[in-house]
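1. Mind looking at a prediction? Sequence and model below.
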Amino acid sequence: MIFVIGDIHGMYDPLKVLTDYIYNKAIKQETVSKIIFLGDYIDCGPSSKEVVDLILRLKHDFEVVTLLGNHEEMLLSFVNRTFNYLKVGNYWLSYNGGLQTVNSFYPGSVLFKKDQYPDEKTVSDLLHFDDILKLDQPYAEFFENLLSTYQVTLEQGEKQCDLLFSHSAISPRFSLVEQIAIRNWKELHEFITRNGCDLEETHIWNRQLLTQQLRENLILIHGHTPTKYYRQMTKMLRFWEEEEDTPYVVREKKNRQLVQIDIDTGLIYGGALSMLVIDDAPDAVNTFPYYISVDPKRGFRHKQFSKTELDLM
């Protein structure tokens, strides 16, 4: 089984529930092929460091893939002093939950000298200081080594398909080949500079839905955009509460081929942390047998998929 986990945003407790579930599967001798994280480990929630610590521990016991999210992109752009790092820093710290991340990793930051969270003006005045955020080597390496995309090929009988994992939806402006060639944050910024584009036009920030498969038998699995947003945008919002923490699935209109699955179920917006389970066994009957969501208010939820709900092959 492959376990795919969506946007965490510094919320340790729901993540611990999911990882305990995976450990219990392993204890029962069930196969854990790999665990794939879709990015956004940090910001907004109070426990970004604890989240990263837990993922680092998982790496000792399982094959773990960690992707770059837009919130890690902001952190790296700030700590690496990109050309616009002051603008990025203000946007990240004042409006995107970066203060909670700094407080988690580096409570001795100059930002907190008055033992309180600073306002926007104070943040702006302090951004040029070196003592904003200091990361110990394991954390610096964790962020620097986050992958841009990851691909898995499934073979079941005579049929084959590819699963592409990315933080957000693949951008329509650039070719698939160009985007999956980007390996990490450094190469992402080289790509932006070379093409003169905005970050919002990349697969780290893009929110545009796909309308067809990126190529034949390729399915995109991502996070970044809360599923409730897509439901509202496409006038498909369900009015009963339990629907809001379900993955958002896009199919081609003409032939109903599966195109993409969004599993960011809006944890920091009152939703849940979700984990999609993929059966990668050659004799799998159902490629996507179920998903799990952990809602801080409603707790643990296990939802089975029928074979036709997410029929992949």
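-> Perfect, thanks for sending it.
2. Please make it C-alpha for all contacts and neighbour counts, starting now.
-> Fine.
3. would you put the C-alpha positions of the lowest-mean-pLDDT helix or strand in the chain in PDB?
-> When each helix and strand of the chain is scored by mean pLDDT, DSSP states H and E, helix 227-233 comes last, with a mean of 83. The C-alpha trace of helix 227-233 is given here as PDB (Å, rounded to 0.1, in the frame of the first residue of the first chain):
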ATOM      1  CA  THR A 227     -11.500  20.800  -1.700                       C
ATOM      2  CA  LYS A 228     -14.300  23.000  -0.500                       C
ATOM      3  CA  TYR A 229     -13.000  25.800  -2.700                       C
ATOM      4  CA  TYR A 230     -13.200  23.600  -5.800                       C
ATOM      5  CA  ARG A 231     -16.700  22.600  -4.900                       C
ATOM      6  CA  GLN A 232     -17.800  26.100  -4.400                       C
ATOM      7  CA  MET A 233     -16.000  27.200  -7.600                       C
END
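4. list the helices and strands it packs on?
-> Judged by 3 or more CA pairs under 8 Å, 6 or more residues apart in numbering; DSSP states H and E, the packing partners of helix 227-233 are strand 248-251.
5. mind listing what the strand it packs on pairs with, with the direction of each?
-> strand 258-262 (antiparallel) (DSSP bridges).
6. The strand it pairs with: how far from the chain's middle?
-> Centroid separation for strand 258-262 versus its chain: 15 Å, with CA atoms, centre = their mean, to the nearest Å.
7. Any stretches of the chain with poor pLDDT?
-> For the chain, the stretches with pLDDT under 70 are 115, 234-244, 306-313.
8. quick one, longest helix in it?
-> helix 12-27 (DSSP state H).
9. Now do it: everything it contacts.
-> Outside helix 12-27, the residues that touch it by CA atoms under 8 Å, 6 or more residues apart in numbering are 8, 31-32, 47-48, 50-51, 54, 273, 275, 292, 294-296.
10. Enumerate the positions of the least confident helix or strand of the chain that are buried.
-> 227-230 (16 or more other CA atoms under 10 Å).
11. check contacts around residue 131.
-> The neighbours of residue 131, taking CA under 8 Å, 6+ apart as the test, are 109-110.
12. Let's see that with 10 Å instead.
-> Contacts for residue 131 (CA atoms under 10 Å, 6 or more residues apart in numbering) come out as 106, 108-111.
13. Next: residue 63.
-> 2, 32-36.
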